[in-house]
Structure formats: structure tokens, C-alpha cells
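Q: got a predicted structure here, sequence first:
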Amino acid sequence: MPFTKKPHAFKAAINEVTLGTGDKAVTIGGENTYPFYTFDNTTKNKPVIGAEVSDIGYENEPEGYKAFFGTEDMVERAKKAAAMDEVAFICLHFAGADPFGANKSVEECIEKAKAVAAAVDKPLVIMGCKNLEKDTELFSKVSEALAGKNIVVLSAREENYKTVGASAGLAYNQKVSAESAVDINLAKQLNVLMMQLGVNPKSMVMNLGSAAAGYGYEYVASTMDRVRAAALGQNDTQLQMPVITPVSTETWAVKESVAEEADMPEWGSREERGIDMEVVTAAASLSAGSDAVILKHPESIRTIYKLIDALC
Amino acid sequence: MAKFITIGERIHCISPSIRKAMAERDPEPILKRAKEQIDAGATYLDVNIGPAESDGPELMTWAVQLIQSNFDNVPLAFDTANKKAIEAGISVYNRSKGKPIVNSADAGDRIEYLDLAAANDAICVALCSKAGVPSDNDERMSYLMELLERGLGLGMEAEDMWFDPLFLVIKGMQDKQMDVLEFIRMIAEQGLNSTGGLSNNSNGMPKHIRPIMDSAMVAMAMMCGLTSAIVNPCDLRLMETIKSCDIIKNNNLYADSYLEI
């Protein structure tokens, strides 16, 4: 009996969400198959890569990274990252805003964000410092300062979704990411709450949580799998937002990427290890359903871009 | 599994206000009931215009366009003895939110409603009965097979035939209830869809009892594999039970606000 191919495209689809404006705007989502199931249907929008540019920590970056960027200046690094064809958007990571760290003022962060926005034409994603109070203020004010730029704020959480959703999503019409730390029921609940607040589901993306491979990553993968299965298989409109996964912030913080070669000679080059961690984690996230991954090292960005290009 | 599908039964010409609205082509009472049911979480709305012998096609066309244009093309079930009215309704029906449902065929006089559904690419409610209440599940199954074979022969997909086990009134047929539930399980075991007029079971009971009995019945029927029911969606207890059963069956991902969505 001849083999009859039966493609399995779902009747439901992930929402399409556009980031940024103008020629360099990028649309993510739109798929109605599992990730890379190109035998079921062509992938409407290929997954994309964002480049993380952090406001602190340049001195600790590996040599290859420094060689590529050549400067600590955030705006210059954002310009260099944006010049890479493989990079679809820039993720400005204001880690230095942390009151228990460098404690940079919100105003200082916003000045940087505005300077980058003036210098690059690719979409911007704003990542905070994980301090709830500071991030809430930063996200609200940056949404105002970059009004019209169609940025993404990463992310609204259970504790601050009302303020962040109201400012970024409602007042300034930016895109809002809802962050749930590997909690599938909370992921849905946050989306429901934001929609009840009045945020348009088409203006929302999800950060379902992240981890470095080997650090509880299996929970991340199974959460993403289950979310995608509900979104497509059960047509769950509360879960059809595209997924943006920050990878570099996790993978460059674990000992495999941090330990110097002098301390761990048997592990070999620190930079190669860091790139490997970033690449494997990003590849796993993409195959579990991320529509965008945020990476840091140019080598990782090039590698993952090739992977995406080869698979869809 | 997909979520349980509710078909709201409250646009029915047996209601004096709806009958009057249909006769006078007065949109308000119909839109009010449509909105109430959609707000309460109904997936489909049943539109029952009765026998409508004189003006069925024209009345159904009016009702379909009225409801769909006001409520984002909400999917509808067509419920009338007038086949021409069903055809007229389907001809103006917008399918973007779901196929139309023909309500209903049986294995007796109404078997041609299946032909009507097949010819119009519609879902068909298929009552597993011929004349009167089947005596046992063997008889119900023979009707199911007859309907299934006819539908497949006409080119329908099996999933578009929603088999109705015929819910029976407890006050009078209490001893038959477990048969009905067992038959739902037999339908589900064949991978087929099912539906039915759930509230038949509580007919004649005091008003405050009916939501309780209907909720118990829907929970037991969903356990057996019922995939849809024709219900009063404004019965909050019933709808909360259905949503909770959908969570337990893993038809819908849990979130704290699951009752609100």
C-alpha cells in the first residue's frame, strides 16, 4: 500500500505579534504546527534571535566577545549587534538598575534606551534587573519615553502586571511580555488577568521562564511543550501568544560558563564552554516552542541562526 | 481532547417572548437571549423556529443574519421541522467560527436531515432512536450504526455526526438512566462525538432542584465521554460544573480564573 502523507497542521494558530517599526520591524508567531514541523506546514515566521546588550559586566566578558564589540559603550555595542544580519532585535538589559547592585537610576537607564533607539532601527526589547519595584518603574517610564517605537517590555509578573500592563500595554501601546517562572498554570492565569485588564492579546508575548541546560531545563521544555499543545491542540486563546525566551542571562551565569580556565583546566576554554551552553539551551528552547531567543555571544547568534535557517 | 461544547437552547419558539419576536421580526428579545447565552459561555446557539410552515426560510434567514451580524459570527444550530428553512439558514450562514449544526436527524422519519447536513457540509445531531424510546442499548446501537453508515455513504466525516443517546426523564424512567450513560460510553469508545438535550433528565422537578440534577448528570455523562450538550447556559451551576469537568479531564489547562473564561 502506498504511503499517504497526512500533514497535521492545527486549526488554531499562534498570534502574530510585530515588534518595532518601519523596515526593520519583525513579526513573530503565526505558526499552526509544532516547532520545525515543516512537513505539516510551512513556518509562517521563522523564529528570530535577539541580541542581549547589558549595561554592566563588560569587563568580565570573554575575549572573543570583547574583540567583536571592542567597547564598553552600550550604544556602540547595540549598533554593532544590530549590524549583524542574524540579529532581529536588540534586548537592552538594565541589570545595573538593581538597587542591591550598581543601583543606576531609572532616568539613566532611559537616557541609554533613548540613545540606542536613536542609533539603531531594529526593534527594542527592554529587560529589567529583576528587582520588582525598580523594574515596574523602569518599564512604565521607558514605555513612555519610547512611545511609538513598539518596544517589548520583558516582563510583567504576577506582582506588577497591573502597573506594567496599564502603562506599557494600555497607555503607550507597547508590547508586553508576561513572565511566569516555569509555572504553566500561572502562565495562563497571567494572560487571563492582563486580558481582563484590557490589554489586547495581540500585544502580548510570553516569557515562560528559562534555565540553563542542566539546571532544571527539563521543566522549561515540558512547560513550553504543554503550552504549545494547549494553544494549538485545544485552541486555547489564553495561550496563543508567541514565546520569547531569554537564554544568555541564564547560561552565562552558571559555573560552566563562569569558571576560568585557570581554575578548571580540564574543562578547557571558558569562552567555548559559554558558547556551547548558550547554543544548546537556545536550540532546546526553539524546539520546544520559542518564537524568539535572546542570546549574547556573536558566535552563538551565528550558530543558532544557521540552525534555524537549515530547519525552516 | 477538545473542550466540551455547549449549545445554548434559549432561542426557542416555545418561549412566548421569542415566539412573538419571531412573528413580528423584533430583534431585541432574540439579541438579548443570544447575548445572555454567549456571555454565560455557550459555544453554539440553537435557533429553534418551530414548524414554521408558512415563512420558515425567510424567518430562519432573518434570524441567522441578525444573530451572526451582532455577535461576531457565533456558530449556530438549526432547529426546525422545516427543511427548506434549514437550507435557507445555511445559505446565509458564516462558517468562520464553526460549521452549522442541523438539529436533528433520527433513524426514523427524520433520517433525511442527515442527507440535508451532508449536502450542506454541516454537522448533524443524530438521535439514536426511531419511534419512541429505544428499549435497550442494543437497539440504540443499531440506530447509531444505521445513521453512521448512511452519513459516511453520503460523504460525511464521522466527527460531524454528533450522536444523541436521548436523555430520559428521571421522574418516570429512573431505572433507565444508567443505560443512557452506558450508551454514551459506547459512543465514546468508538471515537465518536455525542450531544443531547441534557435537561430532559430533570423535567418535572422543582425549579431549584433542576440545576443540581443537571450538573450531576453532566458530570457523570462527561465521565462517560459526552462531548457536547444542548443546555441552558444561563444555569451557572451547570456551566461551572462543565468547566470544572473540562479541567479534570485535561480538556483545558487550569488557571485560577478558569471559571471566568
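A: Alright, I've got the coordinates. Numbering: from 1, shown residues only, chains lettered A, B, ... in the order given.

Q: hey, C-alpha coordinates of stretch A:90-105 in CSV?
A: Output of stretch A:90-105 as CSV, limited to C-alpha atoms (Å, rounded to 0.1, in the frame of the first residue of the first chain):
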residue,chain,number,x,y,z
ILE,A,90,18.2,44.3,20.4
CYS,A,91,17.5,43.4,24.0
LEU,A,92,18.7,46.1,26.4
HIS,A,93,19.3,44.5,29.7
PHE,A,94,19.4,47.1,32.5
ALA,A,95,20.9,44.7,35.1
GLY,A,96,22.7,47.8,36.6
ALA,A,97,19.4,49.2,37.8
ASP,A,98,19.4,46.7,40.7
PRO,A,99,19.2,48.6,44.0
PHE,A,100,21.4,45.9,45.5
GLY,A,101,23.9,46.2,42.7
ALA,A,102,25.0,49.2,40.7
ASN,A,103,21.7,51.0,41.5
LYS,A,104,21.6,53.0,38.4
SER,A,105,18.7,55.4,38.3
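
Q: which residues sit against that stretch?
A: A:50-57, A:74, A:78, A:81-82, A:106, A:109, A:112-113, A:116, A:120, A:122-131, A:133-135, A:138, A:154, A:246, A:249, A:294 (CB atoms under 8 Å, 6 or more residues apart in numbering or on different chains). Placement of C-beta: from N, CA and C, glycine included.

Q: pLDDT of that stretch, averaged?
A: Stretch A:90-105 shows a mean pLDDT of 97.

Q: next one: that stretch to chain centre, how far?
A: 17 Å (CA atoms, centre = their mean, to the nearest Å).

Q: now the helices for chain B?
A: B:16-24, B:27-39, B:56-70, B:83-91, B:112-119, B:137-153, B:170-173, B:177-189, B:210-224, B:236-248 (DSSP state H).

Q: can you put those helices in CSV and add distance to chain A, mean neighbour count and mean pLDDT?
A: CSV is the format used below for the helices of chain B (distance: least, CB to the nearest CB, whole Å; neighbours: other CB atoms under 10 Å in any protein chain shown; pLDDT from 0 to 100):
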stretch, distance to chain A, mean neighbour count, mean pLDDT
helix B:16-24, 30, 15, 96
helix B:27-39, 14, 17, 97
helix B:56-70, 20, 19, 97
helix B:83-91, 20, 21, 96
helix B:112-119, 20, 20, 97
helix B:137-153, 18, 17, 98
helix B:170-173, 33, 13, 96
helix B:177-189, 18, 18, 98
helix B:210-224, 16, 19, 98
helix B:236-248, 9, 18, 98
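
Q: can you redo these as a markdown table with distance to A:A284?
A: Putting the helices of chain B into a markdown table (distance: least, CB to CB, whole Å) gives the following:
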| stretch | distance to A:A284 |
| --- | --- |
| helix B:16-24 | 56 |
| helix B:27-39 | 41 |
| helix B:56-70 | 45 |
| helix B:83-91 | 48 |
| helix B:112-119 | 46 |
| helix B:137-153 | 44 |
| helix B:170-173 | 54 |
| helix B:177-189 | 37 |
| helix B:210-224 | 37 |
| helix B:236-248 | 29 |
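
Q: quick one: contacts for B:L114?
A: Contacts of B:L114 (CB under 8 Å, 6+ apart): B:102, B:105, B:124, B:126, B:147, B:150-151, B:154, B:156, B:161.
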